[in-house]
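*Asks:* A structural model of the following input is requested.
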Amino acid sequence: MTDRNFYLSSIPEIKIIEEYDFNYRGISGYAEIIGCKIAFFRKNKSGLLDAFSFIEINPPEFDFCNYILEKIDFPIKFGDSFGTIRDIFGKEKSTDNFFENYVRYNYSVKNCFVSLCIGNNGVSGLEVVFSPEIISEISDF
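*Replies:* Below you'll find the model as predicted:
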């Protein structure tokens, strides 16, 4: 589903911040971060990608974020409609309303946790967790 060997630092035109003592849902490790919106997390710096997230992405940022999603071969793009999400992932496992005017749809896909935040402009947030250890920290999944 996704290239777990991908590093944000492999895209020369973006500035990342590397965090060596990053905590992702209670698990310590290494993260590559862009601003406060994009994080690519690994328990071990040289290991496979354990999780990534894009938080509160606005329409002017969609092209940039979609460029990253294309690089990792992720099937969803920012701005995609709920219909597109259902076509790709099927029926969601659960939903919640954590922000006004947004619904988060949670899926179990090939032993991964996938959460998509959808609002008036389509997909505007995304979290994908590959690590069973981190998935076990997600209490309602």
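
*Asks:* ok, F74 - how many residues close by?
*Replies:* 18 (other Cβ atoms under 10 Å). For every residue, glycine as well, the C-beta is placed using N, CA and C.

*Asks:* confidence score at it?
*Replies:* Reported pLDDT at F74 in the predicted model: 94.

*Asks:* Relative to D21, how far out is it?
*Replies:* 27 Å (Cβ to Cβ, to the nearest Å).

*Asks:* Next: F41.
*Replies:* From F41 to D21 the distance is 12 Å (Cβ to Cβ).

*Asks:* So which bits of the longest helix belonging to the chain are buried?
*Replies:* Counting residues, the longest helix found in the chain (DSSP state H) is helix 62-71. Of the residues in helix 62-71, 62, 65-66, 68-69 count as buried by neighbour count, 16 or more other Cβ atoms under 10 Å.

*Asks:* How far off centre is it?
*Replies:* Distance, stretch centre to chain centre, for helix 62-71: 12 Å (Cα atoms, centre = their mean, to the nearest Å).

*Asks:* For the closest residue to F78 other than its chain neighbours, give me its contacts.
*Replies:* Leaving aside its sequence neighbours, F78 sits nearest to F62 (Cβ to Cβ, 6 or more residues apart in numbering; 4.1 Å). Going by Cβ atoms under 8 Å, 6 or more residues apart in numbering, F62 touches 77-79.

*Asks:* cool, K37 as well?
*Replies:* 54-57, 61.

*Asks:* ditto for N23
*Replies:* N23 neighbours (Cβ under 8 Å, 6+ apart): G29.

*Asks:* what helix or strand does it sit in?
*Replies:* strand 17-24 (DSSP states H and E).

*Asks:* on that earlier part again, moving C-terminal from the longest helix of the chain, which element do we reach first?
*Replies:* helix 82-89.

*Asks:* Tell me the helices and strands packed up against that next one.
*Replies:* Where contact means 3 or more Cβ pairs under 8 Å, 6 or more residues apart in numbering; DSSP states H and E, helix 82-89 is packed against strand 103-109, strand 112-119, strand 122-129.
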